[in-house]
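S.K.: no sequence on hand, only this structure:
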């Protein structure tokens, strides 16, 4: 516990240290980090705008937009982009690479294994992508399963989706708190003190990591308590907004990692 408190208090100078401490992120990796942050920020905005201005159903969660016409393809494509980046990402430590790979697989699982239900309880009618069995006998006949079955890829898909989402967001929160806040003396210590830009980034990373983990905790409590099935929670689309906060915290952290903010860039020694 004391080691964890030490790591969280000022960043670590012991764990996750790079083999080559003088090597910094390449311009390409920083640019990709910025793009990942941009996607994380833009995804919920695009989905919400598409639902509001496109006359579509505003789904209960970001994941439920999988079933939306047109917007479903955007959801899958952008999430696979994030997953592909995390899989290909090369960090400074093998544990960082392994965690990033697992999180990338999780992002792809979230994209291709949909959650359950349509996410549209209130509208009388809405347009949506669904899964349906068609019997190819003249004339073709559409089978008549239970209503929720139209929105289920296979029985265990929602469970895979939920576990993958939990792993993804938990990793992103822990990554902010432990890896991004890592202190490499050769880069970040000058005249015996932590440089100002790194202190500011670490403060931002801490806020983002804590925010992501709190969102994961809230969604976990809601899921296990059954509160998410209550009308008040669904009618206000609270799952969507909690997920949006987590995505924006993730995006903000990766904006900082991609050096999008001039004030948070390290000066040349």
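M.R.: Perfect, thanks for sending it. What you are looking at is a predicted structure, and each value in this text was computed from that prediction instead of being measured.
S.K.: tell me the secondary structure at residue 219.
M.R.: Taken by DSSP: H, G, I helix; E, B strand; the rest coil, the conformation at residue 219 corresponds to helix.
S.K.: doesn't residue 245 make contact with it?
M.R.: No - under the criterion of Cβ atoms under 8 Å, residue 219 makes no contact with residue 245, lying 10.5 Å away. All C-beta atoms are positioned from the backbone trio N, CA, C, and that covers glycine.
S.K.: look at those two and report which has more neighbours.
M.R.: residue 219 (21 against 15; other Cβ atoms under 10 Å).
S.K.: for the more buried one, give its distance to residue 263.
M.R.: 33 Å (Cβ to Cβ, to the nearest Å).
S.K.: what does the helix or strand that contains residue 164 contact?
M.R.: Assessed by DSSP states H and E, residue 164 sits inside helix 157-174. The contact list for helix 157-174 (Cβ atoms under 8 Å, 6 or more residues apart in numbering) reads 63, 99-100, 102-103, 105-107, 109-110, 113-116, 152, 208-213, 215-216, 220, 223, 246, 250, 253.
S.K.: show me the contacts for residue 41.
M.R.: 247, 248, 251, 252, 255.
S.K.: please enumerate the helices of the stretch 151-269 of the chain.
M.R.: 157-174, 185-188, 196-225, 231-235, 238-257 (DSSP state H, counting those that start in this stretch).
S.K.: make JSON lines from the contacts of residue 41 and add neighbour count to it.
M.R.: Putting those into JSON lines (neighbours: other Cβ atoms under 10 Å) gives the following:
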{"residue": "247", "neighbour count": "24"}
{"residue": "248", "neighbour count": "20"}
{"residue": "251", "neighbour count": "22"}
{"residue": "252", "neighbour count": "21"}
{"residue": "255", "neighbour count": "21"}
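S.K.: can you put these in JSON lines and add distance to residue 32 and pLDDT?
M.R.: Listed next are these as JSON lines, based on distance: Cβ to Cβ, whole Å; pLDDT from 0 to 100:
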{"residue": "247", "distance to residue 32": "17", "pLDDT": "94"}
{"residue": "248", "distance to residue 32": "19", "pLDDT": "96"}
{"residue": "251", "distance to residue 32": "13", "pLDDT": "93"}
{"residue": "252", "distance to residue 32": "16", "pLDDT": "94"}
{"residue": "255", "distance to residue 32": "12", "pLDDT": "90"}
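S.K.: between those residues, which sits nearest residue 71?
M.R.: residue 247 (15.5 Å; Cβ to Cβ).
S.K.: now name the helix or strand holding the nearest residue to that closest one once chain neighbours are set aside.
M.R.: Spatial nearest neighbour of residue 247, excluding adjacent residues (Cβ to Cβ, 6 or more residues apart in numbering): residue 40 at 4.7 Å. Per DSSP H and E, residue 40 falls inside helix 27-53.
S.K.: can you give me the angle that helix makes with helix 238-257?
M.R.: Calculated by axes from the mean of the first three to the mean of the last three Cα atoms, to 10 degrees, helix 27-53 forms an angle of 150 degrees with helix 238-257.
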